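Asks: No sequence on hand, only this structure:
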């Protein structure tokens, strides 16, 4: 067979509903149009709420900024941050232009960060200034000393593929100060995108393939160095969508997400799961906080909550909640009890 004419095919092995054939931005656009006025995300630590229309517009604004910086299909963009709305925007904006999102554990120290950046061949990195005792700017500058005096367009032999390091403060991204000359700010990115029109962005999305790699996640590294795992639109969108269907999620649901976004539990089975059906993502805190989680569940009238075993066992005054499975329920929802 002529190699140029070969195409991948899929065999549907059972079930009543075939797998989705869309890319993530194609599916998200349809969901956002149907649920434009519904609440898409609530970030309690940031005091912000976005409808699906607002989220869609914010994603496109950032996606145009990424194009303006020169990024596109197949380029690798990392995010090193705790949970916030901007993390979600980066997740969806990279998918919009076909860039590969590299998710980096916010608990990483310099040696681990440098390994991830080099191993995944990261070309652009988004980070927050600091969280608690972790000074991300200082750690990044320690890895790449040229950030202290170079221009925003980087060329450093330590990480030769890394061309931009973008810093944003979740408290007010557009007013984030530039910590050193080599850093790009969130405002810089957004302003750069003002020269990119919607048609150019749509052309980027139309050229994508559902089998394109769209995400690189790292394993825990319990059996050696963390290993980079490549995931596609088709892979994670169907995982998210059919998990939502299996749990009975609809646009009426609100999911409290106390787990970190950087791994599949938060990014796919919480964020993308909710956005795939028009449900609401509720961010309780930047990092797991038992009291903030309970307040978010009650205050936002969440119908479901995505815990993992260790943090949920620390929730004060509540039964042990060790099951990672959760499903929508009428309010008030009975607690999930371990067997």
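Replies: Noted; the coordinates are in hand. Source: prediction; values computed, not measured. Numbering: from 1, shown residues only.
Asks: Would you tell me what helix or strand residue 237 is located in?
Replies: Counting by DSSP states H and E, the element that carries residue 237 is helix 233-247.
Asks: Show me what that helix is packed up against.
Replies: Under the contact criterion of 3 or more C-beta pairs under 8 Å, 6 or more residues apart in numbering; DSSP states H and E, helix 233-247 touches helix 24-34, strand 213-218, helix 273-275. All C-beta spots, glycine's among them, are computed from the backbone N, C-alpha and C.
Asks: contact partners of the next helix-or-strand element following that helix?
Replies: The helix or strand immediately downstream of helix 233-247 is strand 254-257, counting by DSSP H and E. Residues lying outside strand 254-257 but in contact with it, judged by C-beta atoms under 8 Å, 6 or more residues apart in numbering, are 39, 42, 83, 249, 266, 270-271, 273-274, 279-284, 293, 296-297, 300-306.
Asks: Can you add mean neighbour count and mean pLDDT and give the helices and strands packed on helix 233-247 back as TSV?
Replies: TSV is the format used below for the helices and strands packed on helix 233-247 (neighbours: other C-beta atoms under 10 Å; pLDDT from 0 to 100):
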stretch	mean neighbour count	mean pLDDT
helix 24-34	20	98
strand 213-218	22	96
helix 273-275	27	98
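Asks: Could you export those as a markdown table, including distance to residue 106?
Replies: Listed next are those as a markdown table, based on distance: least, C-beta to C-beta, whole Å:
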| stretch | distance to residue 106 |
| --- | --- |
| helix 24-34 | 23 |
| strand 213-218 | 12 |
| helix 273-275 | 21 |
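Asks: right, and those - which one's nearest residue 240?
Replies: Judged by C-beta to C-beta, the one of the helices and strands packed on helix 233-247 that comes nearest to residue 240 is helix 273-275, at 4.3 Å.
Asks: What's the first helix or strand after that closest one?
Replies: With elements assigned by DSSP H and E, the helix or strand that comes after helix 273-275 is strand 280-283.
Asks: next SSE after that next one?
Replies: Next in sequence after strand 280-283, counting helices and strands by DSSP H and E, comes helix 290-299.
Asks: starting at the chain centroid, how far to that following helix?
Replies: Taking the mean C-alpha point of helix 290-299 and that of its whole chain, the gap between them comes to 22 Å (C-alpha atoms, centre = their mean, to the nearest Å).
Asks: how about that helix: buried residues?
Replies: By neighbour count on 16 or more other C-beta atoms under 10 Å, the buried set for helix 290-299 is 290, 292-294, 296-297.
Asks: Residues touching the helix holding residue 237, excluding its own?
Replies: The contact list for helix 233-247, computed with C-beta under 8 Å, 6+ apart, reads 17, 19-24, 27, 95, 208-212, 214-215, 264, 267-269, 272-277, 279, 304, 326-328.
Asks: Which positions within it qualify as buried?
Replies: Using 16+ other C-beta under 10 Å as the test for burial, helix 233-247 gives 233-244, 247.
Asks: Kindly reformat the buried residues of helix 290-299 as TSV containing pLDDT and distance to residue 143.
Replies: Below are the buried residues of helix 290-299 laid out as TSV (pLDDT from 0 to 100; distance: C-beta to C-beta, whole Å):
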residue	pLDDT	distance to residue 143
290	89	33
292	93	31
293	92	33
294	92	38
296	95	34
297	94	38
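Asks: what about the nearest residue to residue 283 once chain neighbours are set aside, neighbour count?
Replies: Excluding the flanking residues, the one nearest residue 283 by C-beta to C-beta, 6 or more residues apart in numbering is residue 43, at 4.3 Å. Residue 43 is flanked by 23 other residues according to other C-beta atoms under 10 Å.
Asks: Next: residue 89.
Replies: Tallying neighbours of residue 89 according to other C-beta under 10 Å, which is how burial is gauged here, yields 24.
Asks: Sticking with it, tell me its helix or strand.
Replies: With the criterion set as DSSP H and E, the secondary-structure element containing residue 89 is helix 85-97.
Asks: remind me, longest helix of the protein?
Replies: The residue-count maximum for a helix in the chain (DSSP state H) belongs to helix 52-68.
Asks: From the contact counts, what lies against the next helix or strand after it?
Replies: Read in the C-terminal direction, the helix or strand following helix 52-68 is strand 76-80, with elements assigned using DSSP H and E. Using 3+ C-beta pairs under 8 Å, 6+ apart, the elements in contact with strand 76-80 are helix 85-97, strand 100-104, helix 110-119, strand 124-127.
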